[in-house]
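Participant: here's a sequence, model it:
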Amino acid sequence: MISYTSFTFFIIAFGITYLLYILCPQKAKWAVLLVCSYIFYFFSSKGHVIPLIVATLIVWAAGLWIGKLDETFKQKRKGLERAEKKKLKAKYSRYKSWVLALGVVSTLSILLVCKYGNFFIDTANAVFGAKIGALDVVQPLGISFYTLMAVSYLVDIHSGKYEAQKNPFRVALYLAFFLTIVEGPFARYDQFGTQLQTCKKFNPHDFVYGAERVAWGLFKKVVVADRAAEYVDIVFDGSDKYSGIVVLVAILFYTLQLYCEFSGVMDIVSGLGETMGLNLPENFRRPFFAKSINEFWQRWHITLGAWLRDYIFYPISFSKTFMNASKKARSKFNPYYANLIPTAVALFFVWFTNGFWHGSGWKYIVYGLYYYVLMMIGMFMEPLFRKICDRIKLDRTSKGFGLFRIIRTFVIVNVGMLIFRADTLTQAFSMAKSVFIAKGGFFARPAHMAEELGLDLKDYAILLVGTAIVFAIGLIQEKGIDLRAKIAKLPFIVKFVMFMVIIFVIIIFGAYGEGYGKPDLIYANF
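Facilitator: You can find the predicted model right below:
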C-alpha cells in the first residue's frame with residue numbers, strides 16, 4: 001500500500017489531490033476528492049476495489065429503500081385515525097427493519113467472507129474434522145473500517161437521524177475517502193459526510209494549523225515508532241532466543257511503537273484534513289494517563305469504542321429482552337448487581353466484537369475478552385474494594401492512589417499488547433513466562449546486543465528523548481493547556497522556525513534509509 005508517511009503519498013497522492021482540490025471550482029471539489037480517493041485506493045489495494053464498490057452500492061440502495069418507505073408511510077398516514085396510524089407505523093417499521101437487516105447482513109457478508117472466511121473454515125476443520133479447502137480470497141485494504149462506517153450509515157438512516165443520500169457517488173466518497181479508508185478514524189456520516197458535500201474554500205490559517213499537526217504526527221511515527229519497530233520485530237520474530245529484560249523491553253517498545261504509529265498517523269490524516277478545511281473526529285486522548293481499563297478505551301481508538309457503544313452496547317442494553325431481564329434482576333439482587341448483570345452481558349458482545357474486529361484468529365478474540373474479564377472483575381468487586389478502602393482509610397481520590405491506578409492500568413495494557421503482537425497465544429504465554437524465568441538471569445543480555453537487536457546507543461538515546469518529548473507534550477495537554485492554540489498566537493517567524501526545526505529533526509533523526517526497515521502500518525492490516 002501507499003503509506004501515509006511515504007514520499008510517494010505526500011508528493012503524488014496528497015500533493016496532486018490538494019492542488020486539484022484548491023484550484024477546481026467549489027461545486028467540483030467533492031468530485032475531485034472522489035476520483036483521487038479511488039485512484040489512491042486502487043493502487044494501494046493493488047486493484048482489489050470490487051468489494052468496496054459492491055458494499056457502496058448495497059448501502060446506497062438500502063438507504064434509499066428505507067427513505068422511500070418513510071416517504072410512503074408519511075403519505076399513507078394522512079387522514080387516518082390514531083389507531084390506524086399506529087397500525088400502519090408498526091407495519092412500515094417492520095419493513096424498514098427488514099431492509100436494514102438485509103443491507104447490514106449483505107455488507108457484513110463481504111467482510112466475513114474476505115477477512116474471516118478462512119478462519120471459519122480452519123475452525124470447522126479443527127473442531128469437526130472437516131476437510132474444507134481454503135478460500136482463495138484477498139482481504140481488501142481498509143475493509144474493516146469502511147464496513148463499520150457503512151453499517152453506521154444505514155442504522156442512522158433507519159433511526160431517522162438523517163435522510164438517505166440520493167447520489168451514490170456522495171456515498172462512495174464518504175466510504176472511500178483516502179485519508180480515512182486505511183486506518184480510520186470512524187467518521188459518522190453526519191460528522192464528516194456532510195463536510196465532504198460542502199467542502200470549504202482554501203484558508204491559509206487551516207493550512208498552517210494542519211501542517212503543524214502533520215509534522216507532530218510524522219515525528220511520532222518516523223522518529224519514535226519506526227525506530228522502536230526495529231527492536232520489536234527482531235525479538236518477537238526470534239522470541240525463543242530471548243528472555244528477561246530483553247523481552248520486557250520488547251513488550252514496552254511495542255506499546256510505544258503502536259501508540260506513536262497509530263496516533264501519529266491519526267495526527268497526519270487529521271492534519272492533512274485540516275489543510276483542506278475538513279475536521280476528522282479525534283481518535284486518541286492521551287490514553288496512558290488513564291486510571292482504569294474502561295477509561296483507557298475511552299481514550300484509545302475513541303471512534304471504534306464509540307461505534308461499539310452506539311451500535312452494539314446500546315441496542316442490546318435497551319432491547320425489550322434486556323429491559324425485562326433488568327426488572328427481574330432488581331427483584332432478586334441488590335440494585336448495584338441488578339444493574340450490572342445485564343450490562344455485563346451486553347459488554348461481552350462489545351468486547352468479543354472488539355477483539356474479533358482486529359483480526360481473524362483466536363488470539364484476537366482472547367485479546368478482546370482479556371479486557372472484558374478484567375473489567376468485569378473490577379466492576380463486580382467494586383463494592384468490596386470500596387469497603388476495604390474505607391476500612392483502611394485509603395483516600396481513593398489522592399494523587400498517590402491515582403498514580404498507582406495509572407501504573408496498574410499501564411501494566412494491564414502492556415500484557416494486552418503482548419497478546420496483540422504475538423503470532424499465537426502460545427508465543428504470548430511463552431514470552432510472558434520468559435520475562436520471569438529468564439535464561440541466565442533477568443538482566444542477562446545476548447552478546448553484541450546492539451548489533452543483534454538492530455539498535456545502537458544512538459538509537460536508544462533518540463528513543464529515550466523522543467519518548468520523553470511525547471510524554472511531556474501529553475502531560476501538558478492533560479493539564480488542559482491547548483498548545484496548538486498558544487502556538488497559533490505566536491508571531492509568524494517564530495512559528496516558521498518551530499515548524500522547520502521539527503522537519504529537520506524528522507529528516508535527521510527519522511528511522512529510515514540504510515540500516516532500517518520499512519514497517520507497514522499496523523492498523524492498515526485490519
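Participant: and the residue nearest the centre of the protein?
Facilitator: Computing the C-alpha centroid of the chain and ranking residues by CA atoms, centre = their mean puts residue 301 first, at 4.1 Å.
Participant: spit out the contact partners of it.
Facilitator: Counting by CB atoms under 8 Å, 6 or more residues apart in numbering, residue 301 touches 184, 262, 283-284. (Glycine included, C-beta is placed from N, CA and C.)
Participant: distance between stretch 377-392 and the chain's centre?
Facilitator: 32 Å (CA atoms, centre = their mean, to the nearest Å).
Participant: could you list the buried residues of that stretch?
Facilitator: For stretch 377-392, burial by neighbour count (16 or more other CB atoms under 10 Å) applies to residue 379.
Participant: list the contacts of that stretch.
Facilitator: By CB under 8 Å, 6+ apart, the residues outside stretch 377-392 that reach it are 292-294, 336-337, 340, 343-344, 394, 396.
Participant: need the per-residue pLDDT for the residue nearest to the centre of the chain.
Facilitator: For residue 301, the pLDDT comes out at 97.
Participant: tell me the phi and psi of it?
Facilitator: With angles defined as degrees, to the nearest 10, residue 301 sits at phi 50, psi 60.
Participant: where does residue 277 fall, helix, sheet strand or coil?
Facilitator: At residue 277 the chain is in coil, as set by DSSP: H, G, I helix; E, B strand; the rest coil.
Participant: that one: neighbour count?
Facilitator: Neighbours of residue 277 under the rule other CB atoms under 10 Å: 19.
Participant: isn't it up against residue 198?
Facilitator: No. The pair residue 277 / residue 198 is not scored as a contact, 9.1 Å apart, by CB atoms under 8 Å.
Participant: dump the contacts of residue 301 into TSV; add neighbour count and pLDDT as well.
Facilitator: Formatted as TSV, the contacts of residue 301 follow (neighbours: other CB atoms under 10 Å; pLDDT from 0 to 100):
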residue	neighbour count	pLDDT
184	27	90
262	22	96
283	25	96
284	18	97
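Participant: nearest to residue 498, of these?
Facilitator: Of all these, residue 498 sits closest to residue 284, with 22.2 Å by CB to CB.
Participant: quick check: closest non-adjacent residue to that closest one.
Facilitator: Nearest non-adjacent residue to residue 284, counting by CB to CB, 6 or more residues apart in numbering: residue 263, 4.3 Å away.
Participant: residue 462 now?
Facilitator: Once flanking residues are discounted, residue 462 sits nearest to residue 509: 5.3 Å by CB to CB, 6+ apart.
Participant: same check, this time on residue 100
Facilitator: Residue nearest to residue 100 in three dimensions, not counting chain neighbours: residue 158, with 4.6 Å by CB to CB, 6+ apart.
Participant: count the neighbours of the one you found for me.
Facilitator: Using other CB under 10 Å, residue 158 is surrounded by 23 other residues.
Participant: got it, and the one 10 residues further on?
Facilitator: Look at residue 168: counted by other CB under 10 Å, it has 16 neighbours.
Participant: residues touching the closest residue in space to it that isn't next to it in sequence, list them.
Facilitator: The shortest distance from residue 168 to any non-neighbouring residue, by CB to CB, 6+ apart, is to residue 60 (4.4 Å). Going by CB under 8 Å, 6+ apart, residue 60 touches 164-165, 168, 171-172.
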